[in-house]
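# what follows is a predicted protein model with its sequence.
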Amino acid sequence: MAAAISVQRFVEELEKLHKEMIAGKMKHGEYDQRLAKTIQELRERGVAGDRAEITTALDDARERGVITDAVKDHLEKRLGLV
């Protein structure tokens, strides 16, 4: 089994997706597919962080405009945080 993914690496992946979307390198459908793949990897490998750490990272990403409220809500549901 592969090692758990750090919260930092997860946020870096969200930032990478955001930058590619803003730069026009991918369409919404592609973003959704890549986000789903990232979530699946997290669920399979686990996250090396507790609930509070993950929630704080998602809140920060939302405040910085990396993710929208809808994406944050979706991630929290998919990761079992709510």
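Noted; the coordinates are in hand.
# now what about the longest helix seen in the chain, what contacts it?
Secondary structure of the chain per DSSP state H: the longest helix is helix 28-45. Residues from elsewhere that reach helix 28-45 (C-beta atoms under 8 Å, 6 or more residues apart in numbering): 1-5, 10, 13-14, 17, 20-21, 26, 71, 75, 78-79. All C-beta atoms are positioned from the backbone trio N, CA, C, and that covers glycine.
# so which helix or strand takes in the residue sitting nearest the centre point of the chain?
Centroid-nearest residue in the chain, with C-alpha atoms, centre = their mean: residue 14, separated by 4.8 Å. Using DSSP states H and E, residue 14 sits in helix 7-22.
# could I get the CA-only coordinates of that helix as CSV?
Extracted in CSV, the C-alpha atoms of helix 7-22 (Å, rounded to 0.1, in the frame of the first residue of the first chain):
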residue,chain,number,x,y,z
VAL,A,7,-2.3,17.7,3.4
GLN,A,8,0.3,20.0,1.8
ARG,A,9,0.6,17.8,-1.3
PHE,A,10,-3.2,17.7,-1.6
VAL,A,11,-3.4,21.5,-1.5
GLU,A,12,-0.5,21.8,-4.0
GLU,A,13,-2.5,19.6,-6.4
LEU,A,14,-5.6,21.8,-5.9
GLU,A,15,-3.4,24.8,-6.7
LYS,A,16,-2.0,23.2,-9.8
LEU,A,17,-5.5,22.4,-11.1
HIS,A,18,-6.6,25.9,-10.4
LYS,A,19,-3.7,27.4,-12.2
GLU,A,20,-4.2,25.2,-15.3
MET,A,21,-7.9,26.1,-15.3
ILE,A,22,-7.2,29.9,-15.1
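# tell me the angle of it relative to helix 28-45?
If you take axes from the mean of the first three to the mean of the last three C-alpha atoms, to 10 degrees, helix 7-22 sits at 170 degrees to helix 28-45.
# shift numbering so it begins at 57
In the new numbering, first residue 57, that becomes helix 63-78.
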